[in-house]
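show me how the following folds:
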Amino acid sequence: MSSPQPRIGIVIGSTREGRFAEKPAHWIHEIAKQRSDLAAVEMIDLRDHPLPFFNEAIPLSYAPAQNEAARRWAGKLAPLDGLIVVTPEYNHGPSAVLKNAFDYACQEFNRKPIGFVGYGGVGAARAIEQLRLVAIELQMAPVRNAVHVGMVEFLGIWQQGKNFEDFPHLAQAAAGMLDDLAWWAKALKAQREAS
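Have a look, this model is predicted:
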């Protein structure tokens, strides 16, 4: 019998050398794993899932992926009850590798909630908005609250020796996002298991 508490994956949405993404990913992981309303919180690094650019002959809404790396990626996502995506913003949008990872998952995302932690010039607000649209098409439920690590916080943590605790408003934003995610994850998990 499965746990009544949901399992959440935290996707690190950048694979480039020298990425900042690990810092907010580990920070939100530490906060999330202390919550009693989540059964497990697992880090998922896209570096561990080197997906080719999407090249399936049939849309994944109609048939499973043929590519072995894509099948492993789908297998990683399938048992999860929700996702937190840590995303940069490149040229007013998400990273190509992250969008590609979304394209390679279809059934595994259906009827699950998704929350976002973004960083960059405007806290990755534009990238997060674009990812929310993609998530809706994948039949996910994007939660309202997100964590936006703006340029002041980003530079303070990356270059000035500060840490997330120096910016308490980020922890407040994280609590709101995780409250939403836990609520939706429980509700949708119950409905998926009942159908």
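
residues touching the nearest residue to residue 120 once chain neighbours are set aside, list them.
For residue 120, the nearest residue in space outside its immediate sequence neighbours is residue 89; the separation is 4.0 Å by Cβ to Cβ, 6 or more residues apart in numbering. (Each C-beta comes from the backbone N, C-alpha and C, glycine too.) By Cβ atoms under 8 Å, 6 or more residues apart in numbering, the residues touching residue 89 are 118-122, 124-127.

in this structure, where's the longest helix?
Among the segments of the chain that qualify as a helix by DSSP state H, the longest is helix 168-194.

centre of the chain to that one, how far?
12 Å (Cα atoms, centre = their mean, to the nearest Å).

show me what it is packed against.
Under the contact criterion of 3 or more Cβ pairs under 8 Å, 6 or more residues apart in numbering; DSSP states H and E, helix 168-194 touches helix 22-32, strand 82-87, strand 113-119, strand 147-149.

give me the below-cutoff pLDDT ranges for this protein.
When residues are selected by pLDDT under 70, those of the chain lie in 1-3.

I'd say residue 53 and residue 100 touch.
Yes. Counting by Cβ atoms under 8 Å, residue 53 sits close enough to residue 100 to count as a contact (5.9 Å).

looking at these two, which is more packed in?
Taking neighbours as other Cβ atoms under 10 Å, residue 53 and residue 100 compare with residue 100 leading, 16 against 9.

what residues are up against that one?
Residues touching residue 100, when contacts are defined by Cβ under 8 Å, 6+ apart, comprise 51, 53-54.

phi, psi of it?
With angles defined as degrees, to the nearest 10, residue 100 sits at phi -60, psi -40.

nearest residue to the middle of this protein?
Nearest to the geometric centre of the chain sits residue 85, at 1.7 Å (Cα atoms, centre = their mean).

hey, what's the residue nearest to it when sequence neighbours are not counted bridged with?
For residue 85, the nearest residue in space outside its immediate sequence neighbours is residue 11; the separation is 4.8 Å by Cβ to Cβ, 6+ apart. When assigned by DSSP bridges, residue 11 has beta-bridge partners residue 44, residue 85.

which residues touch the residue nearest to the centre of the chain?
With Cβ under 8 Å, 6+ apart, residue 85 has these contacts: 10-11, 13, 98, 114-117, 131.

rerun that using 6 Å as the cut-off
When the contact criterion is Cβ atoms under 6 Å, 6 or more residues apart in numbering, the partners of residue 85 are 11, 13, 116.

just the buried ones among these, please.
Restricting the contacts of residue 85 to buried positions leaves 11, 13, 116, with burial counted as 16 or more other Cβ atoms under 10 Å.

I'd say the last one and residue 126 touch.
No. Under the criterion of Cβ atoms under 6 Å, residue 116 makes no contact with residue 126, lying 11.7 Å away.
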